[in-house]
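S.K.: for reference, the sequence and a predicted model appear below.
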Amino acid sequence: MKFSLSQIAEILQAKIEGDPHIEIHDLSQIDAGKAGSITFLANPKYTPYIYSTEASAVIVGEDFVPQQPVKAALLRVKDPYTAFSQLLLKVNELLHPPKKGIEQPAYIDETATIGQDVYIGAFAYIGPGAVIEDGAQIYPHSYVGAYSRVGAGSVLYAGVKVYEHCVIGKACILHAGACIGSDGFGFAPQPDGSFLKIPQIGRVVLEDQVEVGANATIDRATVGTTLLRRGTKLDNLVQIAHNVEVGEHTAIAAQAGIAGSTHIGKHCQIGGQAGLVGHLRIADRTKIDAQSGVARSIREPGHAFRGSPAQPYHRQLRSEIVFRKLDELQKKVHELEKVLADNGESA
């Protein structure tokens with residue numbers, strides 16, 4: 001597919017500096033641009049590449065001021081990263097139009113409700129009383145359990161499992177291997193040292209525009225609901241335990257784990273491999289750095305935390321500086337002990 005620079009500018013509502021008739025047929029990184037491609041500059045550390053890139057056009061901010069000549073044409077926008085993302089979305093829509101139809105073999109229970117323009121791939125299973133709304137796409141080998149609902153326009157990629165009575169909202173994306181509604185980790189210790197399984201009879205609800213990464217798992221509530229609110233984004237291999245609530249537009253990176261009954265506010269960001277213990281309250285707009293361990297609730301909104309146990313970000317950085325100097329401090333302590341010992345002997 002080829003587009004003129006003027007067509008792309010119209011899509012992005014961008015101002016062109018250069019030849020509007022340049023043909024664009026590819027998207028690229030700024031440090032690997034080739035003739036005929038378009039790229040973007042959002043991170044200042046990549047600025048040197050704008051002067052050497054072979055890309056035909058670069059999306060830049062409205063305030064970008066070149067310090068030397070730029071060979072590429074420029075498209076000026078308010079937010080280059082968002083603009084490039086919009087362009088990627090447009091290209092993806094053209095390359096991967098929504099599928100429609102029911103492939104065979106697939107099992108669809110006679111009591112299930114199937115909307116219009118739905119795609120159900122081979123070897124998919126749609127259980128009793130399940131509802132698949134208009135335009136939803138269920139890829140091969142996926143499972144939608146009894147009385148579950150998949151909202152309009154949502155996509156379940158290959159091998160997704162949605163247990164019974166769970167709800168997937170509209171325009172959600174569940175990547176391959178995601179598991180929604182498996183049992184929460186509930187076991188009661190017994191006097192003989194064994195564990196009695198506690199039945200998990202709640203459900204999982206994903207509101208609209210939630211994205212769940214590959215092989216992520218979201219446990220059903222013991223009773224009630226495990227809830228991911230509108231716009232939540234989970235990376236691959238994230239674990240959400242029973243009765244957790246995640247606020248709107250919160251993003252959680254790969255291999256993070258949230259223990260049971262913790263409530264996370266809206267617009268939070270949680271880094272990869274971070275761990276949160278159960279029954280916490282995390283305030284809105286909290287940022288938790290990668291590999292942090294959070295053992296206490298965070299009550300004040302808008303703060304960043306790091307480390308294990310997690311503490312305010314800059315305090316933890318200062319602690320890490322001290323930690324890196326511990327060997328030097330230990331040597332000095334030993335030297336002082338020796339001086340004191342020598343002085344004591346001479347006295």
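M.R.: Cool, the structure landed. All values derive from a computational prediction rather than experimental measurement.

S.K.: C-alpha only now, for contacts and for neighbours.
M.R.: Will do.

S.K.: please look at residue 248 and residue 233 and confirm they touch.
M.R.: No - Residue 248 is beyond contact range of residue 233, at 9.3 Å (criterion: CA atoms under 8 Å).

S.K.: which residues do these two both contact?
M.R.: Common neighbours of residue 248 and residue 233, using CA atoms under 8 Å, 6 or more residues apart in numbering, do not exist here.

S.K.: which regions of the stretch 51-200 of the chain sit below the pLDDT cut-off?
M.R.: Applying pLDDT under 70 to the stretch 51-200 of the chain flags no residue at all.

S.K.: show me where it has helices.
M.R.: Secondary structure of the stretch 51-200 of the chain (DSSP state H, counting those that start in this stretch): helices at 80-95.

S.K.: which residues does residue 57 form a beta bridge with?
M.R.: Beta-bridge pairing of residue 57 under DSSP bridges involves residue 38, residue 73.

S.K.: please report how far it lies from residue 21.
M.R.: Counting by CA to CA, to the nearest Å, the gap from residue 57 to residue 21 is 11 Å.

S.K.: distance of the nearest residue to residue 18 once chain neighbours are set aside relative to residue 65?
M.R.: In this structure, residue 18 finds its nearest non-sequential neighbour in residue 73, 4.6 Å apart by CA to CA, 6 or more residues apart in numbering. Residue 73 sits 14 Å away from residue 65, going by CA to CA.

S.K.: quick one, which of the two is more surrounded?
M.R.: Taking other CA atoms under 10 Å, residue 73 and residue 65 do not tie; residue 73 has more neighbours (19 against 8).

S.K.: thinking the residue nearest to residue 18 is in contact with residue 57, fair?
M.R.: Yes - contact criterion CA under 8 Å: residue 73 and residue 57 qualify, at 4.5 Å.

S.K.: please enumerate the shared neighbours of those two.
M.R.: Shared contacts of residue 73 and residue 57 (CA under 8 Å, 6+ apart): none.

S.K.: please name the bridge partners of residue 204.
M.R.: residue 226.

S.K.: actually, residue 189.
M.R.: Applying DSSP bridges to residue 189 gives these bridge partners: residue 195.

S.K.: wait, it sits on residue 195?
M.R.: Yes - Residue 189 lies in contact with residue 195 (CA under 8 Å); the separation is 4.6 Å.

S.K.: re earlier: okay, and the common contacts of residue 57 and residue 21?
M.R.: Common neighbours of residue 57 and residue 21, counting by CA under 8 Å, 6+ apart, are residue 5.

S.K.: quick one, which of the two is more surrounded?
M.R.: Neighbours of residue 57 and residue 21, each counted by other CA under 10 Å, are more numerous for residue 57; the result is 32 against 11.

S.K.: dump the residue contacts of the more buried one.
M.R.: Contacts for residue 57 (CA under 8 Å, 6+ apart) come out as 5, 37-39, 72-75.

S.K.: now those residues in a markdown table, with distance to residue 299?
M.R.: Output for the contacts of residue 57, formatted as a markdown table (distance: CA to CA, whole Å):
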| residue | distance to residue 299 |
| --- | --- |
| 5 | 49 |
| 37 | 47 |
| 38 | 44 |
| 39 | 41 |
| 72 | 49 |
| 73 | 48 |
| 74 | 45 |
| 75 | 43 |
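
S.K.: just the buried ones from the residues you listed?
M.R.: Buried residues within the contacts of residue 57, counting neighbours by 16 or more other CA atoms under 10 Å: 5, 37-39, 72-75.

S.K.: quick one: residue 23 and residue 174, what's the gap?
M.R.: Using CA to CA, residue 23 is found at 35 Å from residue 174.

S.K.: could you check which of those two has the larger neighbour count?
M.R.: residue 174 (27 against 21).
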